[in-house]
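**Q** take a look and give me a structure for this.
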Amino acid sequence: MGETTGISWTNIPGYIGGTWNPWQGCTKVSPGCANCYMFRDKKRYGQDPSIVIRSVPATFNLPARTKEPHAWFVCSWSDFFHKDADKWRTEANIIMAENPQHLYLILTKRIERAEKNMSISWRCSWPSNVWLGVTAENQEMADKRIPLLLDIPASVRFVSVEPMLGEIDIMTPMVELIDWVICGGESGPNARPMNLDWARNLQKQCQWTHTPYFFKQVGGTKRIDGHWGGDLLDGVRYQEFPNAN
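**A** From the prediction side, this is the model:
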């Protein structure tokens, strides 16, 4: 949970990839949560992963302490819109507003709470350095979450299809309004397999609509060149990003 991370999709050109966790802990809400790494790691540390706690000041204020531009994956060990963090979110919004040298990548499974719990000022003018995304691990979650995402005027709206648990059609929910798609298989000892045809089909949809496509990993239980299952799809490394300017 420090200043750098191995999460490859945070390596946006011009920025250092990192994670920022103003709070930690979460509760499971959909099939993609079943094998969440946060639950596994927290238990290893002897902590209860289902209790949402505020991080220590040094971690909570990390963007303010870091001057070199970072692309922060916000709440990689929680969910930015978790109800148990409502009392701290305003402070986190202020940190983002006062440190515009960074990018803030907010990825949520609770997009239905976003509109009422975002910064009031963002409803009038969404900051260009705050990107908003949803997890869509299967078609059900894509149909549920993507339309809600597209109702919010975020500067960059992205979809993370990770872990990819089934074939997904994102053409129906106006994919031309999606600015970025991330795809990846599940990793870890209980990883559910991803059919590569699902990832190929999603890449084709993005190609047709000129949507940047980032293929993170095949998934599985073995690392290949530092990535679970490797990061190549049919011998190609797809690491496309939206414009960060």
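**Q** so the residue most central in space within the chain versus Trp9, what's the distance?
**A** Centrality entry for the chain: nearest residue to the mean C-alpha point is Leu107, 3.6 Å, by CA atoms, centre = their mean. Distance, Leu107 to Trp9, by CB to CB, to the nearest Å: 10 Å. Backbone N, C-alpha and C define where each C-beta goes, glycine included.
**Q** for Ile53, which residues are in contact?
**A** With contact taken as CB atoms under 8 Å, 6 or more residues apart in numbering, Ile53 is in contact with Trp23, Gln24, Gly25.
**Q** CSV for those, including pLDDT and secondary structure?
**A** Converted to CSV, the contacts of Ile53 look like this (pLDDT from 0 to 100; DSSP: H, G, I helix; E, B strand; the rest coil):
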residue, pLDDT, secondary structure
Trp23, 98, strand
Gln24, 97, strand
Gly25, 98, coil
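**Q** helix, strand, or coil at Ala199?
**A** helix (DSSP: H, G, I helix; E, B strand; the rest coil).
**Q** how much space separates it from Val161?
**A** Distance of Ala199 to Val161, given as CB to CB: 8 Å.
**Q** repeat for Asp41
**A** Counting by CB to CB, the gap from Asp41 to Val161 is 23 Å.
**Q** between Ala199 and Val161, what contacts are shared?
**A** Shared contacts of Ala199 and Val161 (CB under 8 Å, 6+ apart): Cys183.
**Q** which parts of stretch 10-27 are buried?
**A** 10-12, 15-27 (16 or more other CB atoms under 10 Å).
**Q** the residue lying closest to Asp234 once chain neighbours are set aside: how many residues sit nearby?
**A** Excluding its sequence neighbours, the residue lying closest to Asp234 (CB to CB, 6 or more residues apart in numbering) is Arg200, at 7.1 Å. Neighbourhood size, Arg200 [other CB atoms under 10 Å]: 15.
**Q** in this structure Arg200 contacts Val218, no?
**A** No - using CB atoms under 8 Å, Arg200 is not in contact with Val218; the gap is 11.9 Å.
**Q** what do the two both touch?
**A** Residues touching both Arg200 and Val218 (CB under 8 Å, 6+ apart) are Leu233.
**Q** how close does Val218 sit to Lys67?
**A** Remark: distance between Val218 and Lys67 (CB to CB) = 36 Å.
**Q** looking at the two, which is more packed in?
**A** More neighbours surround Val218 than the other of Val218 and Lys67, with 23 against 10 (other CB under 10 Å).
**Q** please name the nearest non-neighbouring residue to the more buried one.
**A** In space, and not counting its chain neighbours, Val218 is closest to Gly229: 3.1 Å by CB to CB, 6+ apart.
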